[in-house]
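[1] sequence-free structure coming up:
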């Protein structure tokens, strides 16, 4: 056999272009929307959004809030990353939306009734609206957490939490790495088993699940080993030894950060005001309150302005 | 001279371990020393490094006796983070030490932990980036870096802190020859320019013995040898020649009984440069080609790829137009820089990945028509991490589990199990938990788990990573036996010396395709980096010679 040696310079143009494109990805990270803002500013703002999602009860206001969170995620270019959160939210929300109308009995506008002998199911307009609103609220709360991950990259989260608790920072750092690493490990372990002849992809769903059970112990062992290694590396590099400094060189505090922090603070004050005056309250039973009148309440307008204006400023800043 | 670190009668046992990882170790480490720590898997090298920065015992727990001091700090009271500004540790696996998401923030992490003020961090990060040639990657996400780049970032992150004592645990084990040379050059520069003390644990002695001012050899938790390189060479030459660089072994053969004396007086070469100089001095005898039994002629085609394009996106192929024919009796080393696509390519051999374009035929059947489990009957693939394979409680059960998947009758199963146990010398390990074995043993067990069904093609991805020289020789012998028995073996490796010792064909990947494909002696001959020490020394006089076993010393022509 004779050696066939070609020179790198003879490589096909497409191959070289491909490599060039891959290298091109390594430039400065893209910062859009809330991503890569000052951690404290972004955290204040996102905390206000989550607070609002938990407190607001009016179905129309909840829907507006949810639409706002989705819009911010989309405009930040991170909606696709948030899909896992959306799936969880939809699954749980749908469950609540279906279950609540079947078993709540408080509403007066009866739409459908069925006597099943042991139990009578009464479906009311109020029950349906309450179920759907709860589902939307839950979705908004879950997406607010997705927004937290968008607004604060893991490095910022670690820096922020470490100021209060080294242990929490360590746990967060390990947890934020856990899901992508677990996903990679699971794929590799499954490939290793397939490579020794284990059929993981044939048979009924139950058979496929049973074939994968032995993999879980390997996965657990690997993730624990990895977590121990990262924790050892962090401690060896001085983590947990005392007050950390923060490297601000690459991220100066800008006007948009002030807007975000200010917006978050104003939103929190508006919500507290609404809670103290009971203005945020909304009654579903026995009859639905008028959902439209609350849209002109001062606390709601302040909340909306405090959330929308900084988000708009941030997106505009990115386009400069 | 005041020692920078000192170990006094240190004995340490990991929690639940049956015996100590360190036993009565006493050492004094002086400023500006470069100490190379050698020893087999499980000999205590990594534990020694971890004792020097306090991870042992503070992080790992266990039973600790004796005393370790670094500067004025006693590690019994000082925790690792108290020592972080004095001692830097670069771990074996760069992926498991990265904390942040981008290069510059990873480098800044240690400085932030030490409370360094922001402007100083900017300067120190910049210096670390420049010193390791990482400036163009400053914003790059760590997830996108190759193993070599990631290891350089880990080193940059440690040197940014400017520690007095730098501990490196097999830093080149995952790197291709080029990246290894770059990393070791950076370490040498660091030592020369800053006077930092360096303790380097490594298996690939040919890469770093010449950097060392002192060598420790550990065995079973004990420091057996602690000497300058010449003295170490003098000791190794009488009974532990596998610990010497190939050129030193070559000259030791010539010197026979006088080798130890030559080594002690610094006349046993450790580098190609020294060896070339030595070659000029020895006039009476010259290296000549040793007659080697001719290789068996390759047999039938086991696997064939036609116009194969591989990658993770249709418009972004990693390799294009790959056409390979692998035959029975061939032992093929698949080489190339980190990220060249070696591991990706071999995952197409058993259908773990589907081609972007082109086909793969295994024993005449298109792999696309087979499930991976079906392909596994003919093609065994051992990935980089043996731990991914272990799902049973004992070595015997692991082998039995694979054979059970093949649906063979009991007699055939027993026959195959007996054969693989004998071939890989596993008889003494059958009842052991595979996860509790040493690195080299785990690789052998995982190899048994994938290859026990007598497949025609066996593919191993970086099997020598972290493997000591003795186990490498054993593995090379096993793989050669398999090819002699009519199997085809493919080894993905960065370890040129290992490839030269066992492969009869070398395929080099790079720049999106196959750069070279041919007999090992032709492909490895004349390459700058993908070449052995002995070849670099003798390539003009004896072209195609790759290792010292192919050389004999004869009388020089007058």
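    Noted; the coordinates are in hand. Computed from a prediction, not measured in an experiment: that's the story for all the values here. Numbers count the residues shown, from 1 in each chain, chains lettered A, B, ... in the order given.
[2] the bottom helix or strand of chain A by mean pLDDT?
    When the helices and strands of chain A are scored by mean pLDDT, DSSP states H and E, helix A:13-24 comes last with a mean of 34.
[3] and the helix or strand that that helix is followed by, how far out from the chain middle?
    Downstream of helix A:13-24, the first helix or strand assigned by DSSP states H and E is helix A:39-55. Centre-to-centre, helix A:39-55 and its host chain are 12 Å apart (C-alpha atoms, centre = their mean, to the nearest Å).
[4] which residues of the stretch 201-320 of chain A lie near chain B?
    Within reach of chain B by C-beta under 8 Å from any C-beta of the partner chain, the stretch 201-320 of chain A has these residues: A:201-202, A:214-215, A:217-218, A:221-222, A:226, A:229-250. C-beta here means a position set from N, CA and C on the backbone, and glycine is covered the same way.
[5] so residue B:325, which of the three states?
    strand (DSSP: H, G, I helix; E, B strand; the rest coil).
[6] so what pairs up with it in the strands?
    residue B:304 (DSSP bridges).
[7] the strands in the stretch 351-500 of chain B, which residues?
    Using DSSP state E, counting those that start in this stretch, the strands of the stretch 351-500 of chain B run over B:357-362, B:365-366, B:379-382, B:457-461, B:488-492.
[8] out of these, deepest packed?
    strand B:379-382 (a mean of 28; mean count of other C-beta atoms under 10 Å in any protein chain shown).
[9] strands paired with that one, and their directions?
    strand B:457-461 (parallel).
[10] got the angle between the partner strand and strand B:488-492?
    Orientation check (axes from the mean of the first three to the mean of the last three C-alpha atoms, to 10 degrees): strand B:457-461 against strand B:488-492 gives 10 degrees.
[11] rounded mean pLDDT for strand B:457-461, please.
    Strand B:457-461 shows an average pLDDT of 96 in the prediction.
[12] and stretch B:382-394, end to end?
    End-to-end distance of stretch B:382-394 (C-alpha to C-alpha, to the nearest Å): 19 Å.
[13] re earlier: could I have the buried ones of the residues of the stretch 201-320 of chain A next to chain B as PyMOL selection syntax?
    PyMOL command restricting those to the buried ones, with burial defined by 16 or more other C-beta atoms under 10 Å in any protein chain shown:
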select buried, chain A and resi 214+215+218+222+226+229+230+231+232+233+234+235+236+237+238+239+240+241+244+245+246+247
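[14] next step: the residues of the stretch 201-320 of chain A next to chain B restricted to helices.
    Counting by DSSP state H, the part of those found in helices is A:214-215, A:217-218, A:221-222, A:226, A:229-236.
[15] mind telling me what element the nearest residue to residue B:49 once chain neighbours are set aside is part of?
    Of all residues not flanking residue B:49 in the chain, residue B:167 sits nearest, at 4.4 Å (C-beta to C-beta, 6 or more residues apart in numbering or on different chains). Using DSSP H and E, residue B:167 sits in strand B:165-169.
[16] for that strand, packing partners?
    helix B:45-52, strand B:87-90, helix B:147-159, helix B:177-194, strand B:197-201 (3 or more C-beta pairs under 8 Å, 6 or more residues apart in numbering or on different chains; DSSP states H and E).
[17] surely residue A:299 and residue A:267 touch.
    No. Assessed by C-beta atoms under 8 Å, residue A:299 is found out of contact with residue A:267, at 9.9 Å.
[18] who has more neighbours out of these two?
    A count of neighbours by other C-beta atoms under 10 Å in any protein chain shown puts residue A:267 above the other of residue A:299 and residue A:267, at 26 against 21.
[19] got the residues of the stretch 451-558 of chain B near chain A?
    Taking C-beta under 8 Å from any C-beta as the contact definition, the stretch 451-558 of chain B meets chain A at B:453, B:505, B:510-519, B:522-523.
[20] let's see that with 6 Å instead.
    Residues of the stretch 451-558 of chain B that fall close to chain A, judged by C-beta under 6 Å from any C-beta of the partner chain: B:511, B:512, B:513, B:515, B:516, B:517, B:518, B:519, B:522, B:523.
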